[in-house]
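A.B. asks: how would this look folded up:
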Amino acid sequence: MNNSIKLISGTSHRALAEGIADRLGIELTKLKTSKATNQEISIAIAESVRDDDVFIVQSTAPGEVNDDLMELLILINACKTASARRITAVIPNFPYARQDKKDKSRAPISAKLVANMLQAAGCNHVITMDLHASQIQGFFNVPVDNLYAEPSTLNWIRQNTDYRNAVIVSPDAGGAKRATAIADRLDLNFALIHKERPRPNEIGRMVLVGDVKDKIAILVDDMADTCGTLAKAAQTLKKHGAKQVLAIVTHAILSGNACEVVNKSELSLLVVTNTVPHDDKKARCPKLRTIDVAPTLAEACRRTHNGESVSFLFSHAIDG
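C.D. replies: Down below sits the predicted model:
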């Protein structure tokens, strides 16, 4: 690697940053972070980044989203004032991505606000993964590379399931495009669950469109938060004759009692990537399995630094 690349880790997901650094064959840039008694974040970069190509890895850990976002903004601004040549924010799980549109009167578009703040802080480029809504890329006036977990997901399905006897299922209409893309790549049938939400994070009636009888039903989604949708979807699929139900999602938010919901559900496995730290959840949820996306993120950083195309990663998995 060229010496002009620097990789900085925020405090949200250091294990992922270390995995990226190992893949790139470099050390993480030395950093001192602390909080004052009033919870203000203090940061000091302990080595020069002048004229360097800086990559800042910061995800958003459950319960710490606002602190993690503020820390990322301070890190970006610190690098900018330290004369870094280019600053790339590597944000595997983009904060406030679900607030991407004005869906009711006087509602904010918070994802746009986050985009504005990142650019105001001095961000020149963003690398993220499986944005909840792809139009968020249009909120930026700087390049955004939205990577996909799909290639790694396909590899996992091929290696760990009897996928030729499976059906790919979307738990809602919004995820139909994602599910059909995976079904097409595996040459499998596709099913859809239509759900009614009387209130946010509360599921009403579910209706299955498609046939899952005597099949392995593989639910695919971009995010598992409270896991209420996945649990109810698994129950619906079992009711319609599926012999096994497993779920594969990109971002394992797993807030509240999500682990207990998964444990009690009809799901045999919940497979997630490590875009969000969840090691503490594994002890509480034996059904959890992890797909490592650090190699994919590292390759995106390497290609960006060397001026190579990143589109190769949209359809090819990078092995660990």
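
A.B. asks: which sections of this structure are below the confidence cut-off?
C.D. replies: Low-confidence segments of the chain (pLDDT under 70): 1-3, 196-204, 320.

A.B. asks: need the helices for it, in chain order.
C.D. replies: 14-24, 65-81, 110-121, 150-160, 176-186, 228-239, 258-264, 279-282, 294-306 (DSSP state H).

A.B. asks: Apart from its neighbours in sequence, what residue is nearest Asp162?
C.D. replies: Spatial nearest neighbour of Asp162, chain neighbours left out: Ile216 (6.4 Å); criterion: Cβ to Cβ, 6 or more residues apart in numbering. In short, each C-beta sits where N, CA and C put it, glycine included.

A.B. asks: Next, format the helices of the chain as CSV and append mean neighbour count and distance to Pro143.
C.D. replies: Listed next are the helices of the chain as CSV, based on neighbours: other Cβ atoms under 10 Å; distance: least, Cβ to Cβ, whole Å:
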stretch, mean neighbour count, distance to Pro143
helix 14-24, 19, 19
helix 65-81, 19, 15
helix 110-121, 18, 11
helix 150-160, 17, 21
helix 176-186, 16, 23
helix 228-239, 22, 33
helix 258-264, 18, 34
helix 279-282, 13, 32
helix 294-306, 21, 9
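
A.B. asks: Any idea which of those helices gets closest to Ile43?
C.D. replies: helix 65-81 (5.2 Å; Cβ to Cβ).

A.B. asks: my guess is the residue nearest to Asp162 contacts Thr161, does it?
C.D. replies: Yes. With contact defined as Cβ atoms under 8 Å, Ile216 counts as touching Thr161 (6.2 Å).

A.B. asks: what do these two both touch?
C.D. replies: Shared contacts of Ile216 and Thr161 (Cβ atoms under 8 Å, 6 or more residues apart in numbering): Leu246.

A.B. asks: returning to what we had before: nearest approach to Asp222 belongs to which of the helices of the chain?
C.D. replies: helix 176-186 (6.8 Å).

A.B. asks: tell me what the closest one is packed against?
C.D. replies: Under the contact criterion of 3 or more Cβ pairs under 8 Å, 6 or more residues apart in numbering; DSSP states H and E, helix 176-186 touches helix 150-160, strand 166-170, strand 189-195, strand 216-224.

A.B. asks: Please export the C-alpha coordinates of the last one as CSV.
C.D. replies: The reference is to strand 216-224. In CSV, the C-alpha atoms belonging to strand 216-224 read as follows (Å, rounded to 0.1, in the frame of the first residue of the first chain):
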residue,chain,number,x,y,z
ILE,A,216,-36.7,-23.7,2.8
ALA,A,217,-37.9,-20.1,3.1
ILE,A,218,-35.1,-17.6,3.1
LEU,A,219,-36.2,-14.1,4.3
VAL,A,220,-33.9,-11.3,3.1
ASP,A,221,-34.0,-7.7,4.4
ASP,A,222,-31.6,-4.8,4.9
MET,A,223,-32.2,-4.3,8.6
ALA,A,224,-33.2,-6.2,11.7
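
A.B. asks: Okay, now the sheet partners of that strand, with direction.
C.D. replies: strand 166-170 (parallel), strand 244-252 (parallel) (DSSP bridges).

A.B. asks: so which of the helices of the chain comes closest to Thr37?
C.D. replies: Per Cβ to Cβ, nearest to Thr37 of the helices of the chain: helix 65-81, 15.1 Å.
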